[in-house]
Every structure is written in structure tokens, then in C-alpha cells.
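>>> Quick one: sequence and predicted model below, then my questions.
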Amino acid sequence: MMLIQHNLLAENANRQLKVSTGKNAKTTEKLSSGYKINRAADDAAGLSISEKMRRQVRGLHQTVDNISEGIGYVQTAEGALNEVHDMLQRINELAVKAANGTNTAEDRFAIDQEIQQLKNEMNRIFGETEFNERKIWYPGDQKLLGYYKEQAAEFVSTSTSIPVTNDNCGVVAYGSYSISASIAEGVKISWTGYDGNGYSTVPISWDELKKNKYQFNMEDYFGNPDEPLDPNKPDGPKRALLYDANGNPVFRHRVAFAPQETATVQDLVDCINGRSFYGGGGADMTARFENNSGAGVSSSASIVSVSLSYPAAYASNHNTGKDSSTSDNVHDFDKADDKFLEPANEKGTLVQTLPSGGNLTKVPANGTSDVGTAKESTDTWEFSFYMDGIGMVKGTSNSIQYCAPNDKADDDGPSNPTINTNIPGLWWSWGEKWENNKWVLDYNHKYANTLSCSEKGAGSLGSFMQTLTGKKKTDSPGLLAPGPDAATSGDADNGGYIDIGFRLSSNDAFTYGNQQTSTYVGSFTLRFYVSNTDTEQSVLNRVNGALNGNTILDFYTPTGNSTSYGYASFGTAYANRHTIDVPIYGGTCGFYVQAGTEGGQHISVQYEALSTIALGIGDTNARTIESASRAIDEVKGALQIVSQQRSDFGAYQNRIEHAENINANVEENTQAAESRIRDADIADLMMEYSINNILMQAGTSMLTQANQSSQSIMSLLQ
């Protein structure tokens, strides 16, 4: 049958071609996306199952990150407790030391100072240690355990120094810098200079102080140079004195203090107002140790330290260095100077040419060449000097200090001590050693070439000689061996050195600054070295040869410039001047590690808030033997608490790490299952794609053939 109204063959071929094209399009989409489910129609049930698995996989992936953060939290806490452990061990060590009956009250006070500082640091650790800005020992269910007293603010500045020049020698404080504070004005620093004028910074507001973390440089607040130093005396000195000719501040000091977090402004005012910090200094001095007999510089002794106070330097400089053109005796702070302490005769006349007799005006009595007589001598040495603006100055020996190596194994030690080759000079023994001015049992070791230093007497020749030999166990080791009793003599026989300390004082009080008076000028130290080949006689001969009527000391500044120091510190006189109650909280601390993909699937990390009060050492001290003995037991309990919490943190970390491993395993297997449901099998799809492609080509060909079949009807119409 031949029809022209319908081409059923073409319609059939076209329908089949559409089916093949649709299948090929879906196969192409799957191959392009990599998924065999691209829409719900592809596999409605599979899509639902796949999305549930996807939620689980992505949740598990996040839990691994959660667990890593939890481990970091626990490790931070455990690391802090490690430091607390170290501090508790040190407190225990100090408590055991303080409980010893050989200590004085002053010794225990010094020991207790360290204990209290360690306790304060523990409270700081427990109060401020954070992870991701979350305080680790901040309890969620806070329970007030008590309070501890803390000063409202502490100075934290380190010492600063400035060179004293001709420009600023007058404005440097002759004593202390005073701090005033008020709620209305803020903080201000005031002082009196050596020129007698009063100086101050302009007030610094509390807002500005807080913004700058309570630290500032004084020179930033000297104010307008045209302003009077004293607003009540507008005709008085101007602030311009605080600036040099170029408008730069002539000196500077940095001030900083740290307030307690809970301190109010009123607390800070009460704590700071009326405080002061030290402002002083000394001339940078050098001295020549000479001999007027023509022997030149003595090699028997050396000068190892010189300290000349800045007030003394200024006292010899009434007109300041700026007027040095008018006087030969005025000190120029900007240049080297040989006009300080000049050798003088007994009448105090300034020595231009050194006279016979030199300036050692007092020496031990005759007969000191005899060792026995010298060892019994109570005579001291005295130098006389002249200083412009002060007059006669005397340097009197007032201390003897010696240092002896202590590197020989004690007689009580093993006959063949073993040597630890990993540490040169470390001898293991059960002997004794010289420590803190006494012999103590040394259970472990002795170090070679260690200097054991001690003070012996008040600067007399006898004290000097007594440093040469000593008695083991009952007295002190000497620089020489054997001593007077070979059986009990000091075993340190490698020599050492002896220092004679001299104090410089003026005969009459001198005036400086704003009518301040003083007799203290400074100090210096002479050092004599002693070898292991010396004898008592050879050392005595060397001392007599160096310190006699021909001995001369000449002090001078080698490079110019003295130094002024400013040290911001409350000092012991201001301890606990204004304290505030800092609360100590206890209770349970903790956090949850979301370790699963469902609500409630978490690991709870719970632990107790810690503080010195919670540890039972809130009142621990070592001020008496009794309190030190109690401290030993108190620290023992604290160590148990900290050890238990560290152990808990370690257990939590191990548990959390196992959870991390489990989640990683579940994530991997769930991802594999989800992949089998949703991901395309490329090989299978490529085969299907090839079949559909062939069908499309066949359908296209058949459609073409079917369309041509209708053309045969036209031949019947011709």
C-alpha cells in the first residue's frame, strides 16, 4: 500500500532515533559529571541513600578537625601544668632549705620571697592561660574559693641610663623621681635637679595610659619649652631647661607599670600616688695605681672596680662644664678629665707634683714583715685625696673578699674516683665542698676550677693574711696549702685572688643640688693574685711592696660623660602599699569534643579549676622553721593534685586520638559505599555510549531511507 498522507516508516525511524539520542544524552551527562545519579529521576532511592551517606562523610571529616583542636587544647593545658610542676618542685626545694636550722631570719625571708613570686606566677598561669581565646582554667560553674592579696600595680620598667653632658648635668635628678597620680589629671613625674630647680612632666591621662598599655617615655611629656616649670611662678625657670639648643630633650627615662586586671582607677591612684623611683648615677672612672719611688705602675695589684657617685662629680663642678673657660678646676662632662680625685698630702693641699710620701697616708704598723705579727694586725689602709668642691677625701679599707678554686677531691672521697667523660672535670665522690661560706656534704660531684668566694673581716691586714690558710670543715678553705694544721687545712691549693675594698668618704659633708649634704664619694677595689707556689711570706712581701708610703692612686675620667641611671621600682619600702583582693575561683572546667555526626555524640573533657588556694598552698610560706616544715607537706599535696590533672589530660588525649582514628576509618568506608551508589562506572558507561552512538547512526540512516520511499509515488503521477 502506497500512501502520501502518512510516512509510517519515517515516523517509526524518527521515534527510535529520539530514543537513542535521549539515551546517548544521559550517558554523555554521566560521563561528563562522573556521577550516575545527576537528578532524582536517575535513581530516586539511590539519591536518598547517597545524601544520607554524604552528610555522614562530611560530618566525620569535620570531627577529625574537631578532635585535632581538642588535642591542641589538652596539650596546651598539659604544657602549662608542666611549668607548674617545675615551680612546685622548686618551692619544695626552697622549703626544705628554709627548714634547716642554720638559716637566719633574713635567709628565710629571702627564700620566702622567691616562693611567693613562684606562687604568683602559678596564679597567673591558671588565670591567663588560653586556647583560642578561651581561658583553660575558667570554671563554668564558678565557686569562689577565696581571695589573695595583690598590689594594684607593679612597676615593670628595666633600668635605663643617659650620658650626663654639659647640657643636662643640671636637670638630672639628684635623688628620686616622684610619681603623683589623681583620677582627674592622671600621672605626672616630678623631680629636683642638681641645679636646684624643680621639674615635672605634663599630666598623662588615664585614657592615654591605658591606650599605651601603661608605659611612656618621659621626654614625650616635657611640655612647651616656653611654659614655666612652676605654674605658680611664671617668672621662674622655663621648661626650656629640659631641651638643648636644637629643641631636643636633654635626657629621657622610660616608665611602665602593670595594673591588676580588676584594679580600678582609684586603686591605681592609691597605689601609685606618692611613689618614687631611683634616679642616680656615677662618673665612669678609671684609676692609675702607681708607685712614687720611680717603679712606675705597680704590677703587684690591680684596680678591678671604681665607682664615683654622680653627686660627688657634680660637687666638683659648681659652675657646670659650660663655664669651664673660667676655671681650670671645673669638670667638663663632655671631655676626658684628670681633675677628679687627685693625690694629696696629709694637709689636703692639691698636689701638682707628687711629693715624697705619696697619698697612702696610713699603713699597718711597723713589724708587719713578720707573718705572725701580720696575721694578728687589726690595722687598715687609708688613702688621702683632694677633690675640688669637696676637699679632703679618704679611702679606707673596709672589706676583704677572697676567691679560692675548689677542685681537689676531698680526703673523704673514694680512693679511685670515677670520671664522667661526658662532662670535663666532673668527679663523682662522696666528699665535701665549700659552699655559701661553709663546708657541706657533697653527695654527687665537684666541678673543677670553681671559685668559692667569701668575705673575711673588715679590711685589716690580719684579715688579709687569714685568707691564705684555713681549716677544713670548721672554718674556710684557704688560698694556700698546707695550712697551720695539715690534717685540717683547706684543700683548695691552686691559689686565687684577694680583693681589698675601699670606701671613699669626705672629711666634711659637702653640699650639692638643692642643699643636699653627703659624705659618701664612692668606692674602689684593689686585687692581689695568689698562685699555688706562693707562701704566706711571699704574699705579705708583695702586699708591703705595693701598699706603702710611696703608693699613689690617681683617678680620672678616660672618655668624658658620666652616667645617670633611672630605675623604676616600688622597692621593698613600698611592698603591699595598696593591695586589692583578687578573687580565686574553683569549680569544674571543661569542654566537649564533637566526635560524631549525631547530636550528643561528643567526648566530655572535664577537670577542676586550679589555683594556689585549690592546690592547698595559698598561705604557704617559709618565714619560720615551722612554716617551712608545713610547706614541705603542703607542696607534696599540691604535686599530687597537679600530677593527677596532668595524668587526666594525658588519658583524655589518648582517648581523643583513638576517636580520631575510628572516625577516619568510618569516613573512608562510608565514602566508598556512597561512591558505589552515586559515582559513575566509566567503563560500563563507555560501552553503553558506544551502543547508543551506533543506534543513533542506524536510526539516522533508516530515517533517511524512509523519507526517500515516498518519492516512488511520484512516478505513478507522470
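Yes, it's here.
>>> Using PDB, list the CA coordinates for stretch 395-408.
Below are the C-alpha coordinates for stretch 395-408, written out as PDB (Å, rounded to 0.1, in the frame of the first residue of the first chain):
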ATOM      1  CA  GLY A 395      89.700  55.900 101.000                       C
ATOM      2  CA  THR A 396      89.600  53.500 103.900                       C
ATOM      3  CA  SER A 397      89.900  49.700 103.500                       C
ATOM      4  CA  ASN A 398      86.700  48.200 104.900                       C
ATOM      5  CA  SER A 399      86.300  44.700 103.400                       C
ATOM      6  CA  ILE A 400      88.400  41.700 102.400                       C
ATOM      7  CA  GLN A 401      87.000  39.200 100.000                       C
ATOM      8  CA  TYR A 402      88.800  36.300  98.500                       C
ATOM      9  CA  CYS A 403      88.000  33.600  95.900                       C
ATOM     10  CA  ALA A 404      89.700  30.200  96.000                       C
ATOM     11  CA  PRO A 405      89.400  27.400  93.400                       C
ATOM     12  CA  ASN A 406      87.900  24.200  95.000                       C
ATOM     13  CA  ASP A 407      88.800  21.500  92.500                       C
ATOM     14  CA  LYS A 408      90.500  18.800  94.600                       C
END
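>>> From residue 667, how far off is residue 61?
6 Å (Cβ to Cβ, to the nearest Å). Placement of C-beta: from N, CA and C, glycine included.
>>> More neighbours: which of these two?
Between residue 61 and residue 667, counted using other Cβ atoms under 10 Å, residue 667 has the larger neighbour count: 20 against 14.
>>> Let me see the contact set for that one.
Counting by Cβ atoms under 8 Å, 6 or more residues apart in numbering, residue 667 makes contact with 57, 60, 61, 64.
>>> same thing but 7 Å
Neighbouring residues of residue 667 by Cβ atoms under 7 Å, 6 or more residues apart in numbering: 57, 60, 61.
>>> Which parts of the stretch 601-718 of the chain are strands?
Taking DSSP state E, counting those that start in this stretch as the test, the strands found in the stretch 601-718 of the chain are 602-608.
>>> Over to the stretch 101-250 of the chain?
Under DSSP E, counting those that start in this stretch, the stretch 101-250 of the chain gives strands at 130-131, 134-135, 143-151, 153-155, 160-164, 176-182, 186-192, 198-200, 215-217.
>>> For residue 434, give me the pLDDT.
For residue 434, the pLDDT comes out at 44.
>>> re earlier: indicate which one of the strands of the stretch 101-250 of the chain is closest to residue 365.
strand 160-164 (42.3 Å; Cβ to Cβ).
>>> Going by contacts, tell me the helices and strands next to the closest one.
Applying 3 or more Cβ pairs under 7 Å, 6 or more residues apart in numbering; DSSP states H and E, one finds that strand 160-164 contacts strand 562-567.
>>> which element follows the strand it packs on toward the C-terminus?
As assigned by DSSP states H and E, the chain's next helix or strand after strand 562-567 is strand 579-586.
>>> is it possible to export the strands of the stretch 101-250 of the chain to JSON lines including mean neighbour count and distance to residue 373?
Output for these, formatted as JSON lines (neighbours: other Cβ atoms under 10 Å; distance: least, Cβ to Cβ, whole Å):
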{"stretch": "strand 130-131", "mean neighbour count": "14", "distance to residue 373": "71"}
{"stretch": "strand 134-135", "mean neighbour count": "12", "distance to residue 373": "72"}
{"stretch": "strand 143-151", "mean neighbour count": "15", "distance to residue 373": "56"}
{"stretch": "strand 153-155", "mean neighbour count": "20", "distance to residue 373": "53"}
{"stretch": "strand 160-164", "mean neighbour count": "19", "distance to residue 373": "47"}
{"stretch": "strand 176-182", "mean neighbour count": "19", "distance to residue 373": "48"}
{"stretch": "strand 186-192", "mean neighbour count": "21", "distance to residue 373": "52"}
{"stretch": "strand 198-200", "mean neighbour count": "20", "distance to residue 373": "57"}
{"stretch": "strand 215-217", "mean neighbour count": "16", "distance to residue 373": "60"}
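>>> I'm done for today, thanks for sticking with me.
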